[in-house]
Structure formats: structure tokens, C-alpha cells
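# model this:
(2 chains)
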Amino acid sequence: MIHFVLLISRQGKVRLTKWYSPYSQKERTKVIRELSGVILTRGPKLCNFVDWRGFKVVYKRYASLYFCMCIDQDDNELEVLEIIHHFVEILDRYFGSVCELDLIFNFHKAYYILDELLLAGELQESSKKTIARLIAAQDSLVETAKEQASSISNIIAQATK
Amino acid sequence: MGSQGGFYQSKEFLDLVKSIGEARSKAEEDRIVLGEIDTLKRRISEPDIPKRKMKEYIIRLVYVEMLGHDASFGYIHAVKMTHDDSLLVKRTGYLAVTLFLNEDHDLIILIVNTIQKDLKSDNYLVVCAALNAVCKLINEETIPAVLPQVVELLAHPKEAVRKKAIMGFHRFYQKSPSSVSHLVSNFRKRLCDNDPGVMGATLCPLFDLITIDVNSYKDLVISFVSILKQVAERRLPKAYDYHQMPAPFIQIKLLKILALLGSGDKQASENMYTVVGDIFRKCDSSSNIGNAVLYECICCVSSIYPNPKLLESAADAISRFLKSDSHNLRYMGIDALGRLIKISPEIAEQHQLAVIDCLEDPDDTLKRKTFELLYKMTKPTNVEVIVDRMIDYMISINDNHYKTEIASRCVELAEQFAPSNQWFIQTMNKVFEHAGDLVNIKVAHNLMRLIAEGFGEDDDTADSQLRSSAVDSYLHILSEPKLPSVFLQVICWVLGEYGTADGKYSASFITGKLCDVAEAYSNDDTVKAYAVTALMKIYAFEITAGRKVDMLPECQSLMEEFLASHSTDLQQRAYELQAVIGLDAHAVESIMPSDASCEDIEVDKALSFLNDYIQDSIEKGAQPYIPESERSGMLNISKFRNQDHHEASSHGLRFEAYELPKQTVQSRIPPASLASTELVPVPEPMYVSESYPTTTVSSASSDAGSTELKLRLDGVQKKWGRQTHSPATSTSSTTSQKTVNGITQVDGSNTSNSRTRETYESRKQQVEITPEKQKLAASLFGGSSKTEKKPATGHKISKSSSYMVEKSHVPKSSMEIASEKKAPIQQPPDLLDFGEPTVQSNAPSVDPFKELEGLLEPTTEVASAKNHSSTAAATKSPDIMGLYTETPAGIHNKDDGDILSGLSNPPGTHMLGGTTRTQVAQSSKGPNLKDSLQKDALVRQMGVTPSSPNPILFKDLLG
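Numbers count the residues shown, from 1 in each chain, chains lettered A, B, ... in the order given. Alright, predicted model coming up:
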């Protein structure tokens, strides 16, 4: 199972964290510090896997962002590497050539997408299309809500003038 | 694509993100975040905040917490948001609580109600949001509250809901199998779901269930095989294809399940052969995902009942992995090899050179994986080489977690395959010296026992040789400045038992050393206790031998210190020592027989030797002892006892006052023993766990006069005190465990002993002919005829011991060095974040240059450094600016390397950095530039002007 997902920039800045196993806030900070120390310093031609406290961390770098997932000893590392890529492809499709900036300003959206991809530490859906459809359904709801909100606020604004 | 213009947040939030992005140090970032926390604290508690605003505050809280700061003040607001009617707001609330709260948080109880309501909602999106929260937040206690609804949702018309319900249900099963065990048949039903997504999700819980209980799911083998077959034949919708592979993630899950079901089951395995063979053939080994599936196939083949044809395909796949340039594939290859050698050990041989390459690779991950493989293939013939290598590696790393693991592996291998006692002791010394604080204390006990028992049953001289060599080496090691506590305990114990046994060292010499240890490690009570007991043994042996004992002055002062020690354990040992010294030779001999640490001590649990005493007391009018089981009639006592039991099991602190024990004491304890209640020894638990048979004997019999009283009180204590404190039971259990372990231990090492000798010789011969690497290969893989056929590189290498292979790089020709260098040299471009294609086309042209430099430079490090810079400069050739001016190129390099430092540079260089960057982007990917410009424009429109072109942020992740 996947214990957590981390997105760290090359400067060690955290862009997204998702914890599927219980970690206290203190532990989380420690984990991030430890792992960014290990992963960011690794050379580019080395394995995309790191042993860490009896777990394995699979990471992959996309431009300046490192996507890391922590898994159990007996999980298939290559598969997890592809899950990461799958996630990036979905992000790419959603944001349209996704870049780090998209994730910085829309990190909550990245979370929603991740929630459709992984659940309880397991891959819940491997079809990009299904995920895209679900996210679109949720977004359309947001759009209508926004329209309503703005029209109401317009009415109020006009009324108070 | 409702996201394109996706920055909905207020300017405030964008500013926050921006200022954090530009923070130059962690301290500055922290200051900004703390300011933000203050603002949020103030704003969030204001009355009547509009929902939109609140939603943004919560998202800002998530951001703050993501950066590692405490946002707990806002949790309750996130919880409130989940109650909201609007899905939009609710969804944010759920997202926040799943990110904020762990399953043991107090606030969860406030969410359960909302979740219950939302699970019943008509809107499937609301249900989905609630199910996401269920997976993260529901704990063992709250499972019953939502379980019926989640089960109902397994039949929901929307597949997204069914899928999430399955995952939630799976989570319940993981947390508390008992609370859902009556419902697991639902998983079987969902396996036949129409939607492939739901079916795929169902495989997760089924995998867990099958891991626990294989036999109840054997009937599903046929179904799984047919599903896998259909998947492999592309019967699933195209949407599940991934990089031209049909639903690879589902294939992998299925292969994992089949591996479990076919393990050791010929009949089940036979059903799988065809489909697994098909997948082997169909897998595209050029893509990463294809290799992931291949790897899973190998795992499956090595787990199910062996089939020669499949094993062959697996071996082929492994050799492809191992020959690959990619570290990832080699890593997987090593792992797969470790699995397959369990079934066909001979395949390791053909890959020996590849394995050794991996072992010497600078990549730690690969190295560790290779050690794991070596650990799996250790035999008596290669144990020395492997363990030596492991120890060398262990010494070189700082990672305590892995150090512990590799240390325990060394110990395990050494115990199992040690070729000689000498080697074993030396190996253990090394392990203890470098990782002593990390290994399990049991390992130390094993070592002591091994030294005490010796290897062979009959060969006494060998045993005493072993002991004296141990004593020698320990006396030598004691001069090292800082030794781990566990190791010191072993040293003290061995010196105490055998320090003077062979007559080589005088008692005063050994006692002096022991005193030194006790003084040098004065803050470690355990070591001091071991030292005192060792001193006592030495003195006891001296007395028994009829020699006069005079305590060294430093020893005397040490004893005085211990007699007044705060540690009762130390104090008692010191008093015992004092008492033993005062006794005559005969008494001492029976207390402390020499070399008797392995003798079994018979424990008379019925205490029959006290019968006379009891008889006496009863005649004098004492009340007879009533066994616990017959005491139930006596109300007040049984009540007391029950309570006591309860406490003993809970091990918690006791907060309520103790009852007055008056009446019961008077009714039960004979007046004769009342006086001695003050003497009741309540041994510290530590003392019990450490005491060895000899010491226990001594403490029991040293004050022979009070033994009976003491034992009688032990009985009393057992009823009043906590059960864990009873020394009698714990001692007996350690003795029995000892003997059992001892037998197995001796067996294992005996068999290995004889076999090693022969092969050791044959190995030595080969070592001389072949170059270093092959030498290592031969010693690891047992040296086959193949190794000799391998083309020798023609370099005569000066003979050295087999584990000096690290130095084998030295005699290689410089050409080889240069060619080896190529790998690291091509890396810099990657670090510089350039588009890959340009880099690769450019790299070869640099090569001759590189080689030349490699030849010229005497030290390899300088050469590589130079090469680095030359490649860095060369990569810039595609952009004209970099080609003509050298200085800007350098600046550009710096700029790109670190955005933050780039930001502070003078504006002129910025321009340059920005333009060069764009050009490269243009050449590498067309739409990228347009996109990033659009995004840049958008950000500016929002009012957030990145203070400089910040190229990396705009870089397309999938570039």
C-alpha cells in the first residue's frame, strides 16, 4: 500500500502532501526533511527508488518537481513509478501542459484529482477517462455555484448602491 | 478543462503563495507563515463570514499545514464546513478534514453524523465526498456507525460510488477484521461487477483476504485466470489501456493474487501456466509499464508450483533486466533473481558479473538490493566473503535503520554458516564494535552462550582455545575509546567467566581491566553491574583455587562507591561480592562453580525442600497455606485478589490509594515471619532479566540463613505484589529457552564446519588465475568452470586477499577510466533543467575532449570536475548567446540552478537568463512556450507579478 505521497520542488519546498497512514504533524515534518535530504541529492542516473526506514520510496522528477510515493517492501516499484506517471498525465490533461505553478496555486485541485486516483493508499482507478469525467462533474457543480454566487453578490452590490 | 484560468483565490492568498515562493530561507518562510497564521486566527473567528471567504480561509489553512505548521486552531471550522448544504463548500470541508485529522482525533466524532447523512444523499457526488472521508477518518470505534450504509452503497447505481464503497469497506477490514468479517462475501460479488473500475478496486481487498487465508479462495482461481486472460486479450474498454498495454495495473494486481493462490498448489498452478506464459510473450519490454508487468510475472512464476517453460521465460526476462543500462531495471532484475534462485539456484551463476557490477555500483539503493540477494544465496562456501563485504558496507553508512538491519543479517549469517569459531568471534566483534547499540540484546546473549557452550560437544580443547582467543581479543579491544554498551556487557561477562581460566592472565590484571571498564563507563549501570559480577566470579575462582585474594585499591574504592549506589541492583551485587569474599573456599565453590554457566539449574517449583520447615511451623500453631484456587470462599480476599489481577494485566500506574492490608495480613501470615517483612526483596525487573544461572544461584544461596524466610515471602508477594515481579518464574523460563536454542545452534554450525574446509581450498586456487572481479564472483558463486573461460583482460594483478576488490579499478587502463567516466559526465545537463533532446545530440561531440582530459589529468577527480564544466558549457551551444559569450553562459548556469539566488541578481543577467531559457524551451517543445506565456500573463492579470522570469515554475512537467 502507499503510505504517503509527497510533491517537493527542487529547492525542497513542499507542494503537496497526502498521508494514507497516520503520521503526527511532527513526524510529517521530519519525514519531509529526511526524504528531501535523500532524494534531492541523488544523481540523475541512479535508481528511482530509495530505502527508507524499512519502506521504499519511489520518486520521479518532472521538470523541477519531485513526485514521491512511499510503499511497502514487497510492492512493485516499477508499478508505482507508473502510478506517479499516470497521476502526472492526468494532471497534464486537466491543467493542459501542467507546470509547477499550476500545482502551487491550485493545490486543492491536485488533491481532488489525487482523491479520485488513490484511495486508502491503493490505486482505485486506472482509467484516465473515468477520472477526468468525475472531476469534470465536480467542477461543473463548482461553476454553477460560482455563477450563482456572483449574480447574488451583484444584486446585493446594486441594491446597496 | 474548467481549470484553464484556475486561480480563483483572492489576491491575498496569491500574495502569500508568492512571498513564500520567494522566501530565501526556511526562517523567512516560517516568519511569513506565522504571520499568516495570526491573520487567519483573527479572521476565522469573526462572526458571519461569507461561505466563499471561509472556504478560502480553510484552503489557506491547508496550505499552512502542508508547510509543516500547526493549524489546529482551524480544524473545528473545517469540521463545520462539512455540515454545509452546498456541495461546493462541503467538498472543501471534507478535503480539509481528511488532510488535517488522523483517525484518532477527537473531532472525528463530530463528523460521523454528517457522514452518515451524506452517505444517504441523492447526489452521488456528495456520497463520493463522504466516502473519501470515510476511508481516511473512520476508526475502529466508529465503523459500526457507518458500516450498514457503506454496505448498502456497494450496490449503488453509480460505479464511482460502488468503487469508493469497496475501498472504504476494505479500509474497515484492515482496521478491524472482526467487525466486518460477516460481510466479506460482498467482495466476491463485486468481483463480477460490470464496471472494470469496480472490479479492479475489488482486487485490493481480495488480495488482502487471500494473503490471510488462501484456502477459502481457491475456488476463485478459475475466475481470476479468466479475468486476466480477458484483460490480456484487450477485452476491457480502451480507456484502461496505458501506454499501449491493456489495463496493466489490473494485470499486476491479478498476477499478485495468482502468485498467492498458486503457491505450493500444483493443481491451481496448472490453471495459470497458459495465461502467465501468454503475458510473458505479449509484454512490451521496451516500456516501463511492460517491465513492471514482466517483473510481476517473474514474481508469480517463482511463487507458484514450478513450471520449466515459465522458469525459462522468467530467467530470460531477468537477464534482460540485468543487462539493461537503466538502474531501475537492474534493481528489479536483482530483486527478481533473488526470488527465482529459491527455485533454480543455478541461474545465479550466469549473472555473477552483473551482480558484482551492481554490488560495486555507487548507487546505494542498488547496492543494498544486491546485499539482499547475497544474503539470500549465502552458503557455507561463500559466507566469509559476503559477511566481510556486508560489514565493510555497514561501517561505511550512517543510516541507523539500515545499519541495524544489515548488522542483524551479518549476525544471522555468521551464526548459521560460520566456518570456524575464530572467524565467528572476530566477525561478531566487528559487528558489535560498529553497530553494538543497534543490535538486539539477544544477539549478545547468543554470543555469550556460544562462547560458554563451545561448538563441539566433545572437543574440550577447541572450546578452551575459543575462549582464550575471545579473552585475548577482548582485552585488546578494551583499549578502544568508546565501545557500545552491549558489547561491553559481553566483554565483562567473558572476562569474568574465562579471564583467568587458562592461566595466561593474572587475576589482578583482569580485575584491573574490569575496574577500568566500570570507571570509564560510569553512567551505564548495566555495564557496571556486569563488571561487578565478573569481579565476583574472578575472586570466587581465586578463592576456590586456594589463592589469597587481595583486592586492588581501585577495586576497593569502586566497591565502596557501589555499596552506596542509588541503583539497588548495583548495591546488591556489591554486597554479594563482599559476602562471597568473606566465605571459605568450600562454600565459594558451591556458590560459584567454575565454568558452570551452561549447567542446567533445576527449579523445584513445589518447593518440596521446605516441607520440614512448614511441618515445624504448623506444629507450632501456624495456619496452613491455602492454594489460590481453594480460597474463593473467603470473600474479602478474593475480592482483593481479583483487583490485583486486574492491575497486573493492565500494567498501568495505580492512582487509587492502597487498601489497608491489616486484617488480611493478620489472618494469613504466621507471626513468626511477620518480623521479616521489611526484608522483602522486590527485585527490580532489570535484575531478573539479566541474571544468569550462576548469579541467581549465588544470590539465592549466599545468604543461606534467610533463604527460607525469603521464599516464604515470595509466595506472599506473589499474591500481594505484581505478578511480573516474581523471580522464580522468570528464571526458569530463561533456562529452558537457553537449552532449546543451544541445541539448534550447535547443529547448524557443525554441519557447516566440515563442508567449508574442502571448498575453501579449491577457491583459493582459482583466485590466483582470474582478475579481481572474477575472483569475487568465484568466491560468491562457488566458482564454476565458466569463470575460467571468461576472457581475461590481460592485466596481471598483484595478489591480494579476496576482499580487497574495491581497489581493482586502479590497474585498469586510462581508456577504461575514460569510458567509465562517460556515464557521470552526461548527467550535468539534466541538472540544468534543459530540454533533453538537445543535450543528447550534443553530448557525443564532447567525448574526445573528455577522454583527452581524462588521460592528461593525473587525479581522476579533477578530470571529472573539468569535464563537468566543459559539458556544461557545451550544452549551451544550441542557444546563440551562450555560444558566443562565455560569461553570460556561466551566469545563466547559476541562474537556472537556483531560482532564488537568480532573483537577487542584477536585472541585466535576468534578461539574459530569461531569454536563453525561452529559446531552449522553444526548441524542445512547441506549445510549451505559448502555454507558459499565457499562464504568465494570467498571473500578471491576477496582480501577482513574478518579480523575474521564473522559468522552472512554468516548465511543462511532462516536457
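
# so where's chain A shaky on pLDDT?
A:142-143, A:145-147, A:149, A:161 (pLDDT under 70).

# just how off-centre is the helix ranked longest in chain A within its chain?
In chain A, with assignment by DSSP state H, the single longest helix is helix A:128-160. The chain centroid and the centroid of helix A:128-160 are separated by 23 Å under Cα atoms, centre = their mean, to the nearest Å.

# and that helix, what does it pack against?
helix A:77-95, helix A:107-117, helix B:87-100, helix B:124-137 (3 or more Cβ pairs under 8 Å, 6 or more residues apart in numbering or on different chains; DSSP states H and E). Where you see a C-beta, it was placed from the backbone N, CA and C, and this is true even at glycine.

# switch to 10 Å and redo it
helix A:77-95, helix A:107-117, helix B:51-66, helix B:87-100, helix B:124-137, helix B:159-175, helix B:196-212 (3 or more Cβ pairs under 10 Å, 6 or more residues apart in numbering or on different chains; DSSP states H and E).

# is chain A contacted by the third one?
Yes - in terms of Cβ under 10 Å from any Cβ of the partner chain, part of helix B:51-66 sits within range of chain A, namely B:51, B:52, B:55, B:58, B:59, B:62, B:63, B:65, B:66.

# quick one: which of those residues is most hemmed in?
Each of the residues of helix B:51-66 next to chain A was scored by neighbours using other Cβ atoms under 10 Å in any protein chain shown; the highest score is residue B:58's, at 27 neighbours.

# wait, doesn't it sit right on residue B:90?
No - using Cβ atoms under 10 Å, residue B:58 is not in contact with residue B:90; the gap is 11.4 Å.

# which neighbours do those two share?
residue B:81 (Cβ atoms under 10 Å, 6 or more residues apart in numbering or on different chains).

# before we move on, the earlier item: of the helices and strands packed on helix A:128-160, which is nearest residue B:529?
Checking the helices and strands packed on helix A:128-160 against residue B:529 by Cβ to Cβ gives helix B:159-175 as the closest, at 43.4 Å.

# next, the buried residues of that closest one.
Using 16 or more other Cβ atoms under 10 Å in any protein chain shown as the test for burial, helix B:159-175 gives B:159-173.

# can you tell me what sits against the next helix or strand after it?
Per DSSP states H and E, the first helix or strand lying C-terminal to helix B:159-175 is helix B:177-180. Contacts with helix B:177-180, where a contact means Cβ under 10 Å, 6+ apart, come from B:140-141, B:143-144, B:147, B:150-151, B:169-174, B:184, B:186, B:205, B:208-209, B:212.

# ok, which of those also contact chain A?
B:169, B:170, B:171, B:172, B:174, B:205, B:208.

# closest to chain A among the residues you listed?
residue B:171 (4.5 Å; Cβ to the nearest Cβ).

# count of residues packed around the residue lying closest to that closest one once chain neighbours are set aside?
In this structure, residue B:171 finds its nearest non-sequential neighbour in residue A:120, 4.5 Å apart by Cβ to Cβ, 6 or more residues apart in numbering or on different chains. Neighbours of residue A:120 under the rule other Cβ under 10 Å: 24.

# so residue A:120 sits right up against residue B:137, yeah?
No - if you go by Cβ under 10 Å, residue A:120 and residue B:137 don't touch, sitting 11.0 Å apart.

# before we move on, back to that, tell me the contacts of the residue nearest to residue B:171?
Going by Cβ under 10 Å, 6+ apart, the list of residues near residue A:120 reads A:1-2, A:20, B:132, B:134-136, B:164, B:166-172, B:174, B:201, B:204-205.

# phi, psi of residue B:328?
Per-residue torsions, residue B:328: phi -60, psi -50 (degrees, to the nearest 10).

# is it true that it touches residue A:79?
No - in this structure residue B:328 lies outside contact range of residue A:79 using Cβ under 10 Å: 11.8 Å.

# low pLDDT regions in chain B?
In chain B (pLDDT under 70), the answer is B:1-9, B:455-459, B:595-601, B:631-770, B:782-933, B:935-954, B:959.

# so residue A:59 sits in a helix?
No - counting by DSSP: H, G, I helix; E, B strand; the rest coil, residue A:59 is not part of a helix but strand.

# who's it bridged to?
residue A:68 (DSSP bridges).

# count of neighbours near it?
Quick note: residue A:59 (other Cβ under 10 Å) scores 23 neighbours.

# quick one: buried residues of stretch B:435-443?
Buried positions in stretch B:435-443, judged by neighbour count with 16+ other Cβ under 10 Å: B:435, B:436, B:438, B:439, B:443.

# what sits against the fourth one?
Residues counted as contacts of residue B:439 (Cβ under 10 Å, 6+ apart) are B:403-404, B:407-408, B:410-411, B:428, B:431-432, B:447, B:484, B:486-487.

# buried subset of those, written for PyMOL?
Of those, the buried ones can be selected in PyMOL as follows, counting by 16+ other Cβ under 10 Å:
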select buried, chain B and resi 403+404+407+408+410+411+428+431+432+447+484+486+487
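
# which pair in the contacts of residue B:439 spans the largest distance?
Greatest spatial distance among those (Cβ to Cβ): B:403 and B:447, at 18.3 Å.

# returning to what we had before: from the buried residues of helix B:159-175, pick the one nearest residue B:610.
Nearest to residue B:610, judged by Cβ to Cβ, of the buried residues of helix B:159-175 is residue B:173 at 54.9 Å.

# gap between the closest one and residue B:113?
To residue B:113, residue B:173 is 24 Å away according to Cβ to Cβ, to the nearest Å.

# how about residue B:180?
In terms of Cβ to Cβ, residue B:180 sits 21 Å off from residue B:113.

# tell me which of those two has more neighbours.
residue B:180 (22 against 12).

# measure the more buried one to chain A for me?
Going from residue B:180 to chain A by Cβ to the nearest Cβ, to the nearest Å gives 14 Å.

# residue B:266 now?
Distance from residue B:266 to chain A, by Cβ to the nearest Cβ: 24 Å.

# tally of neighbours for that residue?
11.

# wait, what's in contact with residue 158?
Using chain A here. So residue A:158 contacts nothing (Cβ under 10 Å, 6+ apart).

# chain B, not that one
For residue B:158, the contact set (Cβ under 10 Å, 6+ apart) comprises A:134, B:124, B:125, B:127, B:128, B:164, B:195.

# do the same with residue B:490
Residue B:490 sits in contact with B:428-429, B:432, B:436, B:443-448, B:451, B:470, B:474, B:483-484, B:530, where contact means Cβ under 10 Å, 6+ apart.
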